[in-house]
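> Need coordinates for the following:
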Amino acid sequence: MAVLLQLPDTRAFVARRLPGKGKKSVSTAMLEFGSALRPLPYERLANNCDSDELRQQLGRRIGLGDVRSEPQPGSLQTPFAVHLGHAVPLCLQNQDEITTRSILFHRQGERDGGARLTSTLPYFLGAVGEDQAQKQHDLTAARRLLRRRQQDLKVAETADGDIDAHLHQLLSQARTAGLISAGDEFDSREALIDALREAVRFPPPATGEE
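Residues are numbered from 1 along each chain as shown. Got it, this is the predicted structure:
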């Protein structure tokens, strides 16, 4: 099967063999470009690219940029590159899909097909730019980093509270031992630490009974 396409600046001739017995598709194709190109005779048909290259070359010719789809947070769908094949469900329908009220696009009712259609439709409608997936990826990464930093902050705040509790416990013991006067007050953690260090380094002399 073959088709001759009129592109904005040239023509494209695309041909693919029918799938062999027991197969649903083929992965090779023929692709030729030329401003005066016409359907080629059968004897000149020969595979010169695979399906991925075919989509990429045709996509670039019609202005389809390097677009990636970034799934929403929590989705099991993996990121994928948007290519010409994702536009096919917007153009074609099976007979049973035409008569189904709940289906508007080809393969919309399939799990993977419906998810990819939802991801790519905004781009083909022009609602989002080519950098939308990158922005979504950056946003997801920033949110992930924010959650990690919030968790780190929570751990640090807990450790900070434990340090204050331990310092006040040492202060209480130092006052009980007479190393620090009960009337001494400290307006900062640093001042309290300095006082404890000083008390350990130079304890007050013991007083004997007369």
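> rest of the way, CA atoms for contacts and neighbours
Will do.
> May I ask you to name the longest helix in the protein?
Ranked by residue count under DSSP state H, the longest helix found in the chain is helix 132-176.
> helix or strand right after that helix?
Next in sequence after helix 132-176, counting helices and strands by DSSP states H and E, comes helix 189-201.
> List the buried residues of that next one.
192, 193, 195, 196, 199 (16 or more other Cα atoms under 10 Å).
> Closest to residue 20 out of those residues?
residue 193 (82.5 Å; Cα to Cα).
> so where is this structure shaky, pLDDT-wise?
65-80, 109, 111-114, 127-134, 136-137, 202-210 (pLDDT under 70).
> so how far is residue 103 from residue 95?
Residue 95 sits at a distance of 11 Å from residue 103 (criterion: Cα to Cα, to the nearest Å).
> who has more neighbours, those two?
The residue with more neighbours, out of residue 95 and residue 103, is residue 103; 14 against 9, by other Cα atoms under 10 Å.
> correct me, but the more buried one touches residue 97?
Yes. In this structure, residue 103 is within contact of residue 97 by Cα atoms under 8 Å, at 6.0 Å.
> what's the domain layout of this protein?
1-63, 64-129, 137-201 (the TED database).
> quick revisit: helices or strands next to the longest helix of the chain in the packing?
If you count contacts as 3 or more Cα pairs under 8 Å, 6 or more residues apart in numbering; DSSP states H and E, helix 132-176 packs onto strand 68-69, helix 189-201.
> quick one, longest strand in this protein?
In terms of residue count, the longest strand belonging to the chain (DSSP state E) is strand 28-34.
> Alpha carbons only: can I get it in CSV?
Provided in CSV are the C-alpha atoms of strand 28-34 (Å, rounded to 0.1, in the frame of the first residue of the first chain):
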residue,chain,number,x,y,z
THR,A,28,9.9,-1.1,7.5
ALA,A,29,8.8,1.4,4.8
MET,A,30,9.8,3.4,1.8
LEU,A,31,10.0,7.2,2.0
GLU,A,32,10.9,9.5,-0.9
PHE,A,33,10.7,13.4,-1.1
GLY,A,34,10.5,15.5,-4.3
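> list the buried ones in it?
28, 29, 30, 31, 33.
> which of these are the two that sit furthest away from each other?
The distance between the two most remote of these (Cα to Cα) is 16.8 Å, for 28 and 33.
> What about residue 176, how many residues nearby?
By other Cα under 10 Å, 12 other residues sit near residue 176.
> Likewise for the one 5 residues further on?
Residues near residue 181, counting by other Cα under 10 Å, number 12.
> how near is the closest residue to it other than its chain neighbours to residue 169?
Nearest residue to residue 181, sequence neighbours excluded (Cα to Cα, 6 or more residues apart in numbering): residue 175, at 6.0 Å. Separation of residue 175 from residue 169 (Cα to Cα): 10 Å.
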